[in-house]
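Asks: need a structure here:
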Amino acid sequence: MPLYLNDEQQMLRDTARDYVSEHAPVAHLRKLRDDDDPTGFSRDLWKQFAEMGFTGILIGEDQGGLGLGHVEAGVVLEEIGRNLSPSPFLTTAVAAVAALKGSAQANRWFPGIVAGNTVAALAIDEGAKHRSAVGLKAERAGNGFKLTGSKQFVTHGHVADLLIVAARTAGSADDAEGVTLFAVEKGAAGLDITPERLADSSLAARVSFDGVAVDADAVIGEVDAGRDPLGRLLRAGRSGASAELLGVGGGAMDLTVNYLKERKQFGQLIGSFQALQHRAAHLYSEMEVARAAVLKAQQLLDTGSDQADAAVSVAKAMTSLATTLSVQEGIQMHGGIGMTDEYDIGFYMKRGRVLAEMFGDANFHADALAKAAGY
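Replies: Prediction:
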């Protein structure tokens, strides 16, 4: 497949770019931060996303969605990243939808997601650096299960209507098998959620489960076979995070290039200095290579290719590295003023750092690729 958007995808990109830049620019994030907003995003904006059809982008038309693919979801996520728009789009409309597809839980939750009434959070991480161990226990109790343990880095967990929880129903924490995915509703007895502010002003939660009771209908997929829906969730989340990172890096690069065209030193535009031109050209090249990797991963996901896992890891690693380069170069080329809160470039640096950690950083995915190749 060609590594560029077709006409329909370009139209979606133009629509998303105009809409997000107008309704959720960086100033929107700045206001939420300055107001110490306890939600971490605008529910009104989430409803507007639904009115635009964005929230149902991966949901089939027979269930009220648009029936599009990961390429189209990535188009929207790139604009979210470019504008640093606080939104549950990645966790809810992309990762959670991917996990719920084809399950009995889909009919329960998809209408609320399509309408912009439902927010989903992903309770999958238990330790640092996105390790694959699942130690939270799900023990059989009557007609269902009781969940005991804890999760961390649960984005939007404090306001989520739905928690998608990876739990251990057999074996030990490091075993590949014996994992089951559960849909847990907010307000469940024994659920304790503590939100914490992250570097980019977003909110993630530490979630404790003290014998949280769920019935058998809460299982997503099959008992002990949760790696399948969890795999779909992770592939979608990693691809989506890569697209959002691409937007963050692209937005930071645009800010920097514009600054090079405006700032004068010694009576000359600093963009005329050859050393800065070389650095800007190198940055552009790295971002374009990362863009190709992201689009390839999205296309392979949409076709169900068995090469999708590797492509997604490549995309996540490359966008993490390229966006880190973009924000660091942005700070450097803005000079001293780039370190101040007055300029937006610092917001891009912070968001890029958080996204680089989500669903595994560059080292995590380089290691995954090496293991898959037999090293």
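
Asks: now the helices for the stretch 51-200 of the chain?
Replies: 70-83, 97-100, 106-115 (DSSP state H, counting those that start in this stretch).

Asks: now do residue 293 against residue 323, distance only.
Replies: Distance from residue 293 to residue 323, counting by C-beta to C-beta, to the nearest Å: 12 Å. From N, CA and C alone the C-beta is placed, and that goes for glycine too.

Asks: follow-up on the earlier one: what's the closest of the helices of the stretch 51-200 of the chain to residue 357?
Replies: Closest approach to residue 357 among the helices of the stretch 51-200 of the chain is made by helix 70-83 (14.9 Å; C-beta to C-beta).

Asks: got the CA coordinates for the closest one in CSV?
Replies: C-alpha atoms of helix 70-83 as CSV (Å, rounded to 0.1, in the frame of the first residue of the first chain):
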residue,chain,number,x,y,z
HIS,A,70,-6.7,2.8,12.4
VAL,A,71,-5.4,5.1,9.7
GLU,A,72,-8.4,7.4,10.1
ALA,A,73,-8.2,7.2,13.9
GLY,A,74,-4.6,8.2,13.6
VAL,A,75,-5.5,11.2,11.4
VAL,A,76,-7.6,12.5,14.3
LEU,A,77,-5.0,11.6,16.9
GLU,A,78,-2.3,13.5,15.1
GLU,A,79,-4.4,16.7,15.2
ILE,A,80,-5.1,16.1,18.9
GLY,A,81,-1.3,15.8,19.4
ARG,A,82,-0.5,18.8,17.3
ASN,A,83,-2.8,20.9,19.5
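
Asks: quick one: list the elements packing against that helix.
Replies: If you count contacts as 3 or more C-beta pairs under 8 Å, 6 or more residues apart in numbering; DSSP states H and E, helix 70-83 packs onto helix 7-23, helix 227-262, helix 274-303.

Asks: the longest one: what's the following helix or strand?
Replies: Spelled out, that is helix 227-262. Once the chain leaves helix 227-262, the next helix or strand it forms, by DSSP states H and E, is strand 264-265.

Asks: parallel or antiparallel, which strands does that next one pair with?
Replies: strand 268-269 (antiparallel) (DSSP bridges).

Asks: residue contacts, the residue most central in space within the chain?
Replies: In the chain, the centroid-proximal residue (C-alpha atoms, centre = their mean) is residue 241; its distance is 3.7 Å. Counting by C-beta atoms under 8 Å, 6 or more residues apart in numbering, residue 241 makes contact with 90, 316, 319, 355, 358-359.

Asks: okay, and which of those residues map to helices?
Replies: Counting by DSSP state H, the part of the contacts of residue 241 found in helices is 316, 319, 355.

Asks: with adjacent residues omitted, what lies nearest to the last one?
Replies: Nearest in space to residue 355, with sequence neighbours left out and distances taken as C-beta to C-beta, 6 or more residues apart in numbering, is residue 245 at 5.0 Å.
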